[in-house]
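K.L.:
just coords:
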């Protein structure tokens, strides 16, 4: 550790440390491999399937919605998004040809989608699962790490997400940060 780094780490908030850990995990390059992304997406699908009752109970406690409403407006769409991402991932990640011009006539030109790093996902209170996890599907499919910040207003859903999601996904690449405005600002100020 270089001089002054210890002081810097000491002054970092819990949220900033979580973002830093996600960034370090991203830099290992694991998320570049399509097999790894598919494994994480399948883990997210297993989470929704196996924890459907926990999800429905948390939404009932937070918003008073029935189990059927939770299925209809929260989990069924997520399952469809995940399955689509798994099915189409190789196609989405494949190089795409680009029209050649005079300068590139002798070159092989294409666009290669690449993961960019760490994203911050801030959930909404009124659809605490769909609006929080749907962007996570895209982040995982794109090969990015993601810090997940569920709404503190839907506190039961946030607690279930914080406690159970790490059992299904890489907890360093996809950490859950709970709390209010100050925690959200702490995660956002970390130059994601």
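P.N.:
Sure thing, it's come through. These numbers were taken from a predicted model, which means no experiment stands behind them. Numbers count the residues shown, from 1 in each chain.
K.L.:
packing partners of the helix or strand where residue 136 lies?
P.N.:
Taking DSSP states H and E as the criterion, residue 136 maps to helix 130-142. For helix 130-142, the elements it packs on are helix 34-50, helix 76-93, strand 118-122, strand 145-149, judged by 3 or more CB pairs under 8 Å, 6 or more residues apart in numbering; DSSP states H and E. C-beta coordinates here come from the backbone N, C-alpha and C atoms, glycine included.
K.L.:
show me what counts as buried in the second one.
P.N.:
Buried positions in helix 76-93, judged by neighbour count with 16 or more other CB atoms under 10 Å: 77-78, 81-82, 85-86, 89, 93.
K.L.:
roughly how far out does stretch 120-130 sit from the chain middle?
P.N.:
Relative to its chain's centre, stretch 120-130 lies at 12 Å (CA atoms, centre = their mean, to the nearest Å).
K.L.:
likewise stretch 71-84?
P.N.:
The answer for stretch 71-84 is 15 Å, by CA atoms, centre = their mean.
K.L.:
what of stretch 108-119?
P.N.:
18 Å.
K.L.:
average model confidence for that stretch?
P.N.:
What stretch 108-119 shows for mean pLDDT is 92.
K.L.:
for that stretch, how far is the first residue from the last?
P.N.:
One end of stretch 108-119 sits 31 Å from the other (CA to CA, to the nearest Å).
K.L.:
adjust the sequence numbering to begin at 59 for everything that follows.
P.N.:
All right, first residue 59 from here; so that's stretch 166-177.
K.L.:
which residues does the most centrally placed residue in the chain contact?
P.N.:
What sits nearest the mean C-alpha location of the chain, by CA atoms, centre = their mean, is residue 194, with 3.3 Å. Under the criterion of CB atoms under 8 Å, 6 or more residues apart in numbering, the neighbours of residue 194 are 102, 179, 204, 206, 232.
K.L.:
out of these, who's nearest residue 173?
P.N.:
Nearest to residue 173, judged by CB to CB, of the contacts of residue 194 is residue 204 at 10.9 Å.
K.L.:
and the closest residue to the closest one other than its chain neighbours, what's its pLDDT?
P.N.:
Spatial nearest neighbour of residue 204, excluding adjacent residues (CB to CB, 6 or more residues apart in numbering): residue 197 at 4.1 Å. Listed pLDDT for residue 197 reads 98.
K.L.:
rewinding a little: tell me the spacing between the residue nearest to the centre of the chain and residue 205.
P.N.:
Separation of residue 194 from residue 205 (CB to CB, to the nearest Å) stands at 10 Å.
K.L.:
got any residues that touch both of the two?
P.N.:
Common neighbours of residue 194 and residue 205 (criterion: CB under 8 Å, 6+ apart): residue 179.
K.L.:
is it correct that residue 222 is in contact with residue 112?
P.N.:
Yes - between residue 222 and residue 112 there is a contact under CB atoms under 8 Å: 6.5 Å.
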